[in-house]
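Enquirer: Coordinates for the following, if possible.
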Amino acid sequence: MSEETFDYNDLNEEEWAKIRHQRLTPKEVAKRIAKILKPNRPDYHYLKKVFQHTRELLEITPEKARKRLPELLTDMELIAFYETVWKARNTNHLVMIKLLIYTGIRNAELTNVQIKDVDLTNCTVRIEQGKGKKDRYVLFPMSFRGELAQYFEKQKLNGAKFLFESNRLGAFSTRRIRQIIKEYSDQSGIEKRVYPHLFRHQIITYLTRKGIISPKLQLLSGHSEEKSLAIYRDLALADVAEEYESAMEKFPVK
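Expert: Residues are numbered from 1 along each chain as shown. Prediction:
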């Protein structure tokens, strides 16, 4: 059945009446119509026309896609996860995961961090060509500086280009980082799904609850809206650093 042979009368009045008088969601209406028309083997364009007509006839407004909120870890779950990582005594993994948790950088951004991007004096990491093709700086707490400095110097002595490199002398892949986090999550017994981007949601939510306002969070996270860029350009990283440091003093992972 093609678009040219489309006929609204393919659905008889009895079928329309059933659909009209039942309290169905738009998705349920679409399923019902598709089932009725299935014997005619309709193609995509035909079904699209039928669904458009159905929305007009029944005065249905298409549902907007809903963003699914991530299921964050509780403080106890986050501590349990961290303790599992700490007990493994793998410095590479420990520093990597703490940097993810503290900064909220994306998985792909983490894999691209180079030795030259780390500023131990100012407790910042430069994220080069992140999402949106704009460089930015993220903060890490001063309490993490000593641990990161030891790892940093070790990597420099080994001639590493990237901050985190596998045994094959290349940057970790995003897939491998997801695997590492899943392995520790399974070992810790956490039932929730734990993945790199969850830590981004975790820290942004935490800092929001601590009162850091949206424009300052945008500076750290790399989120942007065109209409708000004028506000964000006027902010300096130094304006955020003090509030970030104060908020991180009570963060559950030390």
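
Enquirer: Please count neighbours and contacts with C-alpha atoms only from this point.
Expert: OK.

Enquirer: got the residue ranges for the helices in the stretch 151-254 of the chain?
Expert: 174-188, 196-209, 214-221, 229-233, 237-248 (DSSP state H, counting those that start in this stretch).

Enquirer: and the angle from the longest one to helix 196-209?
Expert: So that's helix 174-188. 70 degrees (axes from the mean of the first three to the mean of the last three Cα atoms, to 10 degrees).

Enquirer: So for helix 174-188, what gets flagged as buried?
Expert: Neighbour counts over helix 174-188 (16 or more other Cα atoms under 10 Å) mark 174, 177, 180-182, 184-185, 188 as buried.

Enquirer: cool, and the last one?
Expert: Counting neighbours by 16+ other Cα under 10 Å, one finds that the buried residues in helix 237-248 are 240-241, 244, 247-248.

Enquirer: sorry, back to before: mean pLDDT lowest for which of the helices of the stretch 151-254 of the chain?
Expert: Note on those: lowest mean pLDDT is at helix 229-233, with a mean of 41.

Enquirer: picking that back up, and the helices of the stretch 151-254 of the chain: which comes nearest residue 31?
Expert: The closest of the helices of the stretch 151-254 of the chain to residue 31 is helix 196-209. By Cα to Cα, the value is 33.5 Å.

Enquirer: what would the buried residues of helix 237-248 look like in CSV with distance to residue 94?
Expert: Below are the buried residues of helix 237-248 laid out as CSV (distance: Cα to Cα, whole Å):
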residue, distance to residue 94
240, 26
241, 23
244, 21
247, 22
248, 18
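
Enquirer: in this structure, which helix or strand is least confident?
Expert: helix 229-233 (a mean of 41; mean pLDDT, DSSP states H and E).

Enquirer: For residue 197, the count of nearby residues, please.
Expert: As a burial measure, residue 197 scores 17 neighbours (other Cα atoms under 10 Å).
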